Structures are given as C-alpha cells and as structure tokens.
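S.K.: need the 3D shape of this:
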Amino acid sequence: MCLALLPAIVVAAVKLDKSIPAHRHLVAVMLCVFVLLVLEACSVALDSNFNATVHDDAQLVPLGKLVNSIGFLLVPVPAFLTWTFLHHWTGVRLTASSTLPWALPLACNAVLAMLSYNEGLLFSIAPDNTYSRGPWFVVSPIVFYGYQALAAGFLIRRRNRLRTEETAMFATALALPALTAAFQLQYFIFLTMWSSWAISCIILMVTVFINSSERDELTKLANRTAYRNAIAKARRMRELKMCVALLDMDGLKAINDRHGHAAGDMALLTLAEGLRETFGEGFSVMRFGGDEFAVVQFDNDPAALYERLCTLENALTEQDAASGRPYRVAFSYGLACSRDGECVDALLKRCDTLMYDRKRQKHLKAGATAP
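M.R.: Numbers count the residues shown, from 1 in each chain. Coordinates of the predicted model:
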C-alpha cells in the first residue's frame, strides 16, 4: 500500500493547486496515512508477535515504544483532516476559533500517546518486544471514530452542496477505514486499517481530479464539461423542470484591446466572484466560454433567479462607480424556464435568443445616446 500511495501523493502534490485549501488538506491526509503505513510496517518488524527474530533483542524496545507512540499520536489525524477537507471542499468556512474546540480530543490523544512511552497507557512493549494494548487503549479508537462520525454528519448535512457522485465517493472514503478499523480492533493481528485508509486517499484524490476537470482554470467556476453534464441530466428527466440564465459579458474584447488581457482577466474574475457571491445553494454557476456564463437551477420558478440577476447587476454597477476602473463590468442575459412538454434544447434556444435580444437592445440604446 505504501508503493500504491506514494505515486498518488507525488501526483497530488505536483498537479493539485495548493492555493486551494481543500487540495492542501487532501495532500496532508495522504502524507499522514503514508507515515502511518510506514510506522505500522516498522511496528510489525519490531513486534515478536509477528517477527520471532526480535524476541530476545531488548535493545529494540525503546525503538518499538517510539514507533508506537508516534503511531498512536497520528491515529485520529487523518479523520480530523478529512473533516476539515470536507469543510473547505463545500465552501463552509472554518476559523481558528471554531476549529480549536474540535481539536481538543486530538491533543488529548497526543498527550496519552507520548505518556505511553513510559507509562504504558495506550500500549506497552515488553522486554521481549511483545506489543500489547494498554488500559487506556480505548481512548484512541474513540477519538478516531468521533472524528469519523463528525465528518459523516457534516457530509450528510451538506450533501445538497455536492453532486450525487461526490457524496457517494466521499461516503465510501469515510466508510472503508471505519469498517476495517472495527475488524482490526477485534482481531489485532489483521492489519487492515491503514491499508484501507490508503484506498480512501486514492478515492478522495480521484474525486478531486474529476472535479478539477470540471473547473474553469481562471475563475474556478464550473466549466463547459460541467455545463454539458447539467444538460445531460436535464435530458434524462422524465418531466423537464429547469431554469437557465445564459450570460454574456459586455465588451470583453474592447477591454482586452484597450487595456490588455490582464485587465480582461480581472473583469472576468470580477463577474465570476459576483456570480459566486450572489448565487448560493440550489444554483449551478458555470463559465462555458470566453465571455459566456450560465446559471442553472432545477426548478421552474424564475423569480429567485431573476431577483439574483438584478442584485448582481446593481452590485456590479456600484463596484464600477467606486472602483475607478477605466472599464465597466456588465453583462447581458437571457432567462428562460421550462414549459409543459418542452425539451431542453428548445429551452436553451429560447434562452439564447432572449440573451442576444437583450444584448442587441443595449447596443441600440448605447448608439442612440452616443454624441
């Protein structure tokens, strides 16, 4: 499992965007599990229950204690980091003050692990290098399962922020270590827990890479692939229930020509951030072309979507007035909701026509008011 996980860590460390907190936390989970796998291998090599050649070598006892102390210290860390990863992944902000209380069990487990070197609280190593569980051993799995339950509860509460396949992958990644840890607690000679954690890490990494393939590199919004997936989902619906807003940024070519592509990128980022802040749960926001954006809602009530589009227009107008930018950030849009018996292609065509009608009216109005 070390050999399987190590290339995955290298790929994740090289390819994932470390400016994204969720990606950093995933790499941290993978590194922690890799260290635990190495420690478990060392523990087995130093335990006369598994390796009879160390039975009479008392000089190895301190090393066995050190390996197990570090191992027990790290036992709940992957579960804790997975919990923080899920927060960052779903966009739920974690502050230091909100994280600190939840980190206290981690600190308590660490103290017990360090004390166990001499006191044998969580484990003990006999002079013949035989490992055995200590009187306080149960604390470590309790803390581990506590963090697993915390992560599972968060996943259930925030599942509406995730796609179905994301929820399924994350749930599998949480369930595997929990189930195999229960087996290892019952039969300690079967070392299955950290191998299953390695598999979970790879599942998490695959999920992240799938998601990255559906993210626009500049704005970090969903991209054309995600848009196609949303349309494919709509085509599978027995009865279409969908609202779509197609947005086209006004004057992006002029911004690029007059002020440079860096200014054009900033304009796109401004619009993307406005979309991200304005549209919350229940809306899918995407950039599927150079200056083209879309907002999809699987509902046929346009009121909420229209209200947010108006809010975004007003917010951008206020920003333009206050920012002193030599260009303005604005957009034209078409908004359409499904009608009885309408197919998704007809809905999109109607929406596209409305958007270009609005854009044409803007050009006509601008030409009429020009000196």
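
S.K.: can you report phi and psi for residue 221?
M.R.: phi -80, psi 170 (degrees, to the nearest 10).

S.K.: my guess is it meets residue 274, correct?
M.R.: No: look at residue 221 against residue 274 with C-beta atoms under 8 Å: they stay out of range, at 11.2 Å. Placement of C-beta: from N, CA and C, glycine included.

S.K.: what helix or strand is residue 299 located in?
M.R.: Under DSSP states H and E, no helix or strand contains residue 299.

S.K.: the stretch 151-300 of the chain: helices as residue ranges?
M.R.: Taking DSSP state H, counting those that start in this stretch as the test, the helices found in the stretch 151-300 of the chain are 164-186, 193-212, 224-236, 252-259, 261-278.

S.K.: which among these is found nearest to residue 27?
M.R.: helix 193-212 (9.1 Å; C-beta to C-beta).

S.K.: so the closest one versus helix 224-236, what angle?
M.R.: When axes from the mean of the first three to the mean of the last three C-alpha atoms, to 10 degrees is applied, the directions of helix 193-212 and helix 224-236 differ by 90 degrees.

S.K.: check contacts around residue 159.
M.R.: Applying C-beta atoms under 8 Å, 6 or more residues apart in numbering, we find residue 159 in contact with residue 167.

S.K.: the domain parsing of this protein - what is it?
M.R.: Annotated domains of the chain cover 2-212, 224-369 [automatic domain parsing].

S.K.: which residues touch the spatially closest residue to residue 274 that is not a sequence neighbour?
M.R.: Computed as C-beta to C-beta, 6 or more residues apart in numbering, the closest residue to residue 274 that is not its neighbour in sequence is residue 312, at 5.2 Å. Residue 312 sits next to 274-275, 278 when contact means C-beta under 8 Å, 6+ apart.

S.K.: now do the SS call for residue 312.
M.R.: helix (DSSP: H, G, I helix; E, B strand; the rest coil).

S.K.: for residue 222, see how far away it is.
M.R.: Going from residue 312 to residue 222 by C-beta to C-beta, to the nearest Å gives 17 Å.

S.K.: let me have the domains of the chain in TSV, extended by mean pLDDT.
M.R.: Listed next are the domains of the chain as TSV, based on pLDDT from 0 to 100:
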stretch	mean pLDDT
domain 2-212	91
domain 224-369	89
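
S.K.: how about the residue most central in space within the chain, what does it touch?
M.R.: Centroid-nearest residue in the chain: residue 89, 2.6 Å away (criterion: C-alpha atoms, centre = their mean). Shown in contact with residue 89 (C-beta under 8 Å, 6+ apart): residue 22.

S.K.: can you report phi and psi for it?
M.R.: phi -60, psi -40.

S.K.: how far away is it from residue 267?
M.R.: In terms of C-beta to C-beta, residue 89 sits 28 Å off from residue 267.

S.K.: residue 39 now?
M.R.: Counting by C-beta to C-beta, the gap from residue 39 to residue 267 is 51 Å.

S.K.: okay, the two: which has more neighbours?
M.R.: Using other C-beta atoms under 10 Å as the criterion, residue 39 and residue 267 rank with residue 267 on top: 23 against 20.

S.K.: pretty sure the more buried one contacts residue 255?
M.R.: Yes: Residue 267 is within contact range of residue 255, at 5.3 Å (criterion: C-beta under 8 Å).

S.K.: mind listing the helices for the stretch 1-150 of the chain?
M.R.: Under DSSP H, counting those that start in this stretch, the stretch 1-150 of the chain gives helices at 2-15, 21-45, 61-74, 77-90, 96-119, 139-157.

S.K.: which of the ones you listed is buried the deepest?
M.R.: The highest mean neighbour count among those, using mean count of other C-beta atoms under 10 Å, belongs to helix 77-90: a mean of 23.

S.K.: you'd agree residue 139 is up against residue 110?
M.R.: No: counting by C-beta under 8 Å, residue 139 stays clear of residue 110, with 11.1 Å between them.

S.K.: what's around the closest residue to residue 225 other than its chain neighbours, how many residues?
M.R.: Of all residues not flanking residue 225 in the chain, residue 214 sits nearest, at 4.7 Å (C-beta to C-beta, 6+ apart). Close neighbours of residue 214, defined as other C-beta under 10 Å, add up to 17.
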